[in-house]
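**Student:** Okay, sequence plus prediction incoming.
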Amino acid sequence: MQRIKINELVEFRRKQSEKYKKNFAYKLKNRIPKEKTIEEQEAEEPRDYWVFSTSCIYNVFKNGNEGFYDPKIDELYLKMSNPNLKNSTYSMYKRNRDILMSFKEFEVNSHRPNKFTRQGVQKEHKTLTLEGFPLYVKPNLVFIFEHDGKNKVGALWLVPQVDGFKKSELGIFCEVLHRFLLKNYSDNYQISEDYCIAIDTFNAQSVTYSELKNQSVPFLLDSTLQEMKIL
């Protein structure tokens, strides 16, 4: 079975009828991973549409420095001023610029510990199998830090999409991220619920695992996978 992206779980939940849900679930469950050459594997991920905003927000979070915003916004304004741009390219630059402008009001640094050490993520860890489904987990940053004498691990997942997500949908990303941390890091670190965070960059909103635990955001992952399984 081909790996399932978490936004595809959201898309499944958004289907309005059981018929559409059943057809979509069938497609996800019966996709076969294509055998790729080394050259194809190296070229399989095209340039990310959201790279300008995502990379900038990542740098702000990693360094605890909001000074990254203005230079990137200025760069995007300059790119947009090119009169020869295609409409689609102009729209891409504008969406990334708008995201960064809205993030200047989003307190990114309140979602990170003061000091942390970045952890690498092994390629095989990006596949998390739940209810028989191989889920694709792609955190932007996994980090370790000390708090009250305990070694803890947290993670950041920036989730860009046109029109963004509902808070409950964003919670699915956060649930998956927490399961990912439990599976791969819990032997050596305590999982930080406050710093296990998914951020919808389009709408500049976030969900932490603490919000799921205190029922501010509903748990939807297991019920979604179980529904897909029986269809």
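**Tutor:** Ah, there it is.

**Student:** ok, longest helix in this protein?
**Tutor:** Counting residues, the longest helix in the chain under DSSP state H turns out to be helix 167-185.

**Student:** Can you name the next helix or strand after it?
**Tutor:** Sequence order places strand 190-200 as the next helix or strand after helix 167-185, per DSSP states H and E.

**Student:** Please pick out the residue of the protein most distant from its centre.
**Tutor:** residue 83 (33.3 Å; CA atoms, centre = their mean).

**Student:** which residues sit in contact with it?
**Tutor:** By CB atoms under 8 Å, 6 or more residues apart in numbering, residue 83 lies in contact with nothing. Placement of C-beta: from N, CA and C, glycine included.

**Student:** domains for the protein, by residue range?
**Tutor:** Under the assignment automatic domain parsing, the domains of the chain span 4-40+113-230, 51-109.

**Student:** Let's have these in TSV, adding mean pLDDT.
**Tutor:** Shown next, in TSV, are the domains of the chain (pLDDT from 0 to 100):
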stretch	mean pLDDT
domain 4-40+113-230	95
domain 51-109	97
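
**Student:** re the thing from before, name the surrounding residues that touch the longest helix of the chain.
**Tutor:** Applying CB under 8 Å, 6+ apart, the set of residues contacting helix 167-185 from outside is 6, 9-10, 13, 119, 122, 125, 128, 130, 135, 137, 139, 142, 153-155, 157, 159, 165, 191, 193, 196-200, 205-209, 211-212, 217-221, 224.

**Student:** try 6 Å
**Tutor:** The contact list for helix 167-185 (CB atoms under 6 Å, 6 or more residues apart in numbering) reads 6, 9-10, 125, 128, 135, 137, 153, 155, 157, 159, 191, 196, 198, 200, 207, 209, 212, 217-218, 220-221.
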